[in-house]
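J.: structure here, sequence nowhere to be found:
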Ligand code: CP3
């Protein structure tokens, strides 16, 4: 099948589809025994830098679930590591940065990203487009706010105290940091599309911590520059964050074609908040997959029904697959979405 005719790309473009397309954030990962097996003894960032492994792990959920899109196996901190930022991904914790960014001089750690910095990304994506055939590959990056939050805090954080202190207290430094990250993120997304990715998702996972007026002042100019910088590549641009109910209109305004929604806002209401001209992606609570199938089925049908109010709907979870999820639940869910 021609890629452009895939249900996923058609739904992103708000064209009629034979069935609602579905994929899952973090579909590759610890919920899959075959993932745990190939990752044994290989640190996360090393796996990301090994094309054969990245290809295999990206393919695993496509084979097992029959999802409508693959998402490239990598991590949002990969481009930062590639330009020399001293960081690691600690199992069960997340990204940890050795030298948090707190002052002007710390920005020197953030030089521009060149395609040659991530040859393994290009190589893996080229190989994947061959293996995937008619199934689209989604490339991705972390958005400047979310990457900035890890860099400023030095690791995961509940309230993003240092991040907000810089945003409000040192706006010049904040804007300089966002500006550098914007260049890196845009370069990273462009090289993934140039290698063969059919769509891109910008993860602004933690931006739900910010009020709408502050989003407009401190974040939106940068996400807008990223989406505008991709416009000539003609691939759907997806924008997602957690807890962004109050920001949905602004996420669309930043220039995405598809707005990702977490489980807190029903899709029909999200469609009203985002406004016309956008497709939606989401939004089953990932935790419901830990409940018996009957509960999953009931809720999934609700999501599908509410999704019909959007101009295009890509079924997904409201955030990533939880590691304790039974893969059989995801297989059944994929079949249910395809049959409805
Ligand atoms: O299947 C996919 O979705 C593709 C791969 C993917 C990973 N990370 C692999 C990964 C994607 C799209 C990401 C994005 C990512 N990474 C985000 C944005 C998405 C989101 O969840 O909001 C964020 C915030 C990160 C940072 C990060 N990396 C976290 C919070 C963690 C989890 C830490 C843990 O162990 O619980 C990681 C590590 C990570 N990235 C894993 C995977 C499969 C787990 C690594 C392992 O197997 O130990």
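T.: Happy to help now that I have it. The structure displayed is predicted, hence computed values, not measured ones. Numbering: from 1, shown residues only.
J.: can you report how many residues lie near residue 44?
T.: Look at residue 44: counted by other C-beta atoms under 10 Å, it has 18 neighbours. C-beta: built from backbone N, CA, C; applies to glycine.
J.: residue 89 is in contact with that one, correct?
T.: Yes - Residue 44 lies in contact with residue 89 (C-beta atoms under 8 Å); the separation is 4.2 Å.
J.: shared neighbours of these two, anything?
T.: Applying C-beta atoms under 8 Å, 6 or more residues apart in numbering, one finds that residue 44 and residue 89 are jointly contacted by residue 75.
J.: got the residues of the stretch 151-300 of the chain near the ligand?
T.: Applying C-beta under 6 Å from any ligand atom, we find that the stretch 151-300 of the chain lies next to the ligand at 203, 205.
J.: all helices for the stretch 151-300 of the chain, in order.
T.: Under the criterion DSSP state H, counting those that start in this stretch, the stretch 151-300 of the chain contains helices at 161-169, 171-195, 212-218, 220-228, 248-253, 267-274, 293-307.
J.: quick check: which of those is nearest to residue 79?
T.: Closest of the helices of the stretch 151-300 of the chain to residue 79 is helix 171-195, at 4.3 Å (criterion: C-beta to C-beta).
J.: that closest one vs helix 161-169, what angle?
T.: Between helix 171-195 and helix 161-169, the angle comes out at 110 degrees (axes from the mean of the first three to the mean of the last three C-alpha atoms, to 10 degrees).
J.: so which residue is smack in the middle of this structure?
T.: In the chain, the centroid-proximal residue (C-alpha atoms, centre = their mean) is residue 203; its distance is 4.0 Å.
J.: all strands for the protein, in order.
T.: Taking DSSP state E, the strands of the chain run over residues 70-71, 87-90, 94-97, 137-142, 199-203, 237-240, 258-260, 279-284, 313-317.
J.: reformat those strands as TSV; add mean pLDDT and distance to residue 20.
T.: Shown next, in TSV, are the strands of the chain (pLDDT from 0 to 100; distance: least, C-beta to C-beta, whole Å):
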stretch	mean pLDDT	distance to residue 20
strand 70-71	98	17
strand 87-90	97	33
strand 94-97	98	31
strand 137-142	98	16
strand 199-203	98	16
strand 237-240	98	16
strand 258-260	98	13
strand 279-284	98	11
strand 313-317	98	5
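J.: how about those in TSV, adding distance to residue 186?
T.: As requested, those are exported to TSV (distance: least, C-beta to C-beta, whole Å):
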stretch	distance to residue 186
strand 70-71	19
strand 87-90	20
strand 94-97	20
strand 137-142	8
strand 199-203	10
strand 237-240	11
strand 258-260	18
strand 279-284	21
strand 313-317	23
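J.: got the contact list for stretch 182-196?
T.: 72, 78-80, 83, 110, 112-115, 118, 121-122, 125-126, 128-129, 137, 139-144, 147, 200, 202, 222, 225-226, 229-230, 233, 235.
J.: hmm, back to that, using a markdown table, please lay out the helices of the stretch 151-300 of the chain together with mean neighbour count and mean pLDDT.
T.: Below are the helices of the stretch 151-300 of the chain laid out as a markdown table (neighbours: other C-beta atoms under 10 Å; pLDDT from 0 to 100):
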| stretch | mean neighbour count | mean pLDDT |
| --- | --- | --- |
| helix 161-169 | 16 | 97 |
| helix 171-195 | 20 | 98 |
| helix 212-218 | 16 | 98 |
| helix 220-228 | 20 | 98 |
| helix 248-253 | 22 | 96 |
| helix 267-274 | 20 | 98 |
| helix 293-307 | 16 | 98 |
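J.: could you dump these to CSV with distance to residue 328?
T.: Formatted as CSV, those follow (distance: least, C-beta to C-beta, whole Å):
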stretch, distance to residue 328
helix 161-169, 39
helix 171-195, 31
helix 212-218, 39
helix 220-228, 37
helix 248-253, 33
helix 267-274, 25
helix 293-307, 9
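J.: what's the closest of the ones you listed to residue 10?
T.: With C-beta to C-beta, the closest approach to residue 10 among those belongs to helix 293-307: 14.5 Å.
J.: ok, now which ones touch the spatially closest residue to residue 247 that is not a sequence neighbour?
T.: What sits nearest to residue 247 in space, not counting adjacent residues and going by C-beta to C-beta, 6 or more residues apart in numbering, is residue 215, at 5.5 Å. Shown in contact with residue 215 (C-beta under 8 Å, 6+ apart): 207, 247, 250.
J.: next up, the contacts around residue 152.
T.: Taking C-beta under 8 Å, 6+ apart, we find residue 152 in contact with 100-102, 162-163, 166, 177.
J.: closest to the ligand among these?
T.: residue 163 (13.7 Å; C-beta to the nearest ligand atom).
J.: tell me the spacing between that closest one and residue 147.
T.: 11 Å (C-beta to C-beta, to the nearest Å).
J.: near the ligand, which residues of the stretch 1-150 of the chain are found?
T.: Residues of the stretch 1-150 of the chain lying close to the ligand by C-beta under 6 Å from any ligand atom are 25-30, 39, 44, 71, 73-76, 89, 91-95, 140.
J.: can you report phi and psi for the closest residue to the ligand within the stretch 151-300 of the chain?
T.: In the stretch 151-300 of the chain, the residue that lies nearest the ligand is residue 205 (3.2 Å; C-beta to the nearest ligand atom). Main-chain torsions, residue 205, degrees, to the nearest 10: phi -50, psi -40.
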